[in-house]
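# coordinates only, no sequence provided:
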């Protein structure tokens, strides 16, 4: 009987080599990216956070504004659902009814006492009917979970009684929306300015690079302080949101524009570009159809890497009071309260949004680093 194992292994190797040499650029990038465990873990976390932000109205049990606040549970500690206690086991998770009081012993702060009787259990139910909300332009009233009596606050409440869990999910969505608009504006400006500068060169390149250097040297915080002083106080929350997004985009394009310019200066004298010019192609057609697609993967990597910086900028500006403000829920707005001494000493659950903020930024960083290594064809040869 003939042993066909070596032949089979050789065929497998040949097929792998054929697949490698015939694969597209996107397939090669994905193949290298998925071998990076930290990048894959960051991508999974990032997808979960993005989906949590997009479906925040459904996932959150209550309205994140004052309209959904719990007047009886201001500055309330997190309520962790449980399945068993001294009264026995329950297949359905539950929390207990509570009583609250102020006393001179606690400097008139709220003291919460749970009622531990079997009849005081409040059971969690899924897909419950609650306050109406809008999701993707349509109105719904079904929410993921709720309790049969009263309210449940997984992350506790703030000083107004607003649910921190609901606020955190909506804050992720707001910060990502600000970052997306800012990145898109910066992306368009970088492609236009960097493309024109790199393709034409000469005095046009010199003028555009002077403008790029001028924008790069403008300090962001003093600029925002000056603009905040001139921002009309009657601006609504939506107007302030778009103003911050546009401003972040207008100061975030120089780095990508420089990279686009450098690549086009290198590629503009290649044979395929000269062939397109001899065929009568316009400069805009050459840039759009030939030059920019030649390094699309690097542009995508730059976009992903730009996201955490946009989110950080929005958070920092809102944190110091120059960005978004209540009733808008963003990560920066929620971090404004964590610097208070009373919060540091007594209400540590205010720091829960900080964990989500750090996780979001780190996920973007890991994914961006993984994409950058995957898009580099020489990354494997250096290892």
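It's in. Just so it is clear, the model here is predicted, and its values are computed rather than measured.
# and residue 212, how many neighbours does it have?
20 (other Cβ atoms under 10 Å). Glycine gets a C-beta too; all of them are placed from N, C-alpha and C.
# contacts only, for it.
193, 197, 254, 257-258 (Cβ atoms under 8 Å, 6 or more residues apart in numbering).
# redo that, cut-off 7 Å
193, 254, 257-258 (Cβ atoms under 7 Å, 6 or more residues apart in numbering).
# in a markdown table: these, plus neighbour count, distance to residue 40 and pLDDT.
Shown next, in a markdown table, are the contacts of residue 212 (neighbours: other Cβ atoms under 10 Å; distance: Cβ to Cβ, whole Å; pLDDT from 0 to 100):
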| residue | neighbour count | distance to residue 40 | pLDDT |
| --- | --- | --- | --- |
| 193 | 22 | 34 | 90 |
| 254 | 22 | 31 | 88 |
| 257 | 27 | 31 | 88 |
| 258 | 19 | 30 | 88 |
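# center of the protein, which residue is that?
By Cα atoms, centre = their mean, the chain has its centre lying nearest to residue 176, at 4.1 Å.
# which residue is the nearest non-sequential neighbour of that residue?
Nearest residue to residue 176, sequence neighbours excluded (Cβ to Cβ, 6 or more residues apart in numbering): residue 53, at 5.4 Å.
# please produce CSV containing the contacts of residue 212, extended by distance to residue 90.
Below are the contacts of residue 212 laid out as CSV (distance: Cβ to Cβ, whole Å):
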residue, distance to residue 90
193, 62
254, 59
257, 60
258, 61
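# just those residues: which are in helices?
Secondary structure from DSSP state H places 193, 254, 257-258 of these in helices.
# closest to residue 218 out of the residues you listed?
Residue 218 has its nearest neighbour among these in residue 254, at 9.8 Å by Cβ to Cβ.
# ok, the closest one - contacts?
212, 215-216.
# now, among those, which is nearest to residue 139?
residue 215 (42.6 Å).
# would you list every one of the strands in the stretch 1-150 of the chain?
For the stretch 1-150 of the chain, the strands defined by DSSP state E, counting those that start in this stretch occupy 82-85, 88-96, 98-102, 110-114, 121-135, 138-147.
# what's the longest one packed up against?
The helices and strands touching strand 121-135, judged by 3 or more Cβ pairs under 7 Å, 6 or more residues apart in numbering; DSSP states H and E, are helix 56-59, strand 88-96, strand 138-147.
# pull out the buried positions in that strand.
121-122, 124, 130, 133 (16 or more other Cβ atoms under 10 Å).
# any idea which of those is closest to residue 281?
residue 133 (50.5 Å).
# for residue 323, grab the count of nearby residues.
For residue 323, the number of neighbouring residues by other Cβ under 10 Å comes to 26.
# what's near enough to touch the closest residue to it other than its chain neighbours?
Nearest non-adjacent residue to residue 323, counting by Cβ to Cβ, 6+ apart: residue 317, 3.4 Å away. Contacts of residue 317 were listed using Cβ under 7 Å, 6+ apart, and they are 224, 244, 323, 332.
# how close does residue 174 sit to residue 353?
12 Å (Cβ to Cβ, to the nearest Å).
# and what of residue 339?
Distance of residue 339 to residue 353, computed by Cβ to Cβ: 13 Å.
# fine by me, thanks again.
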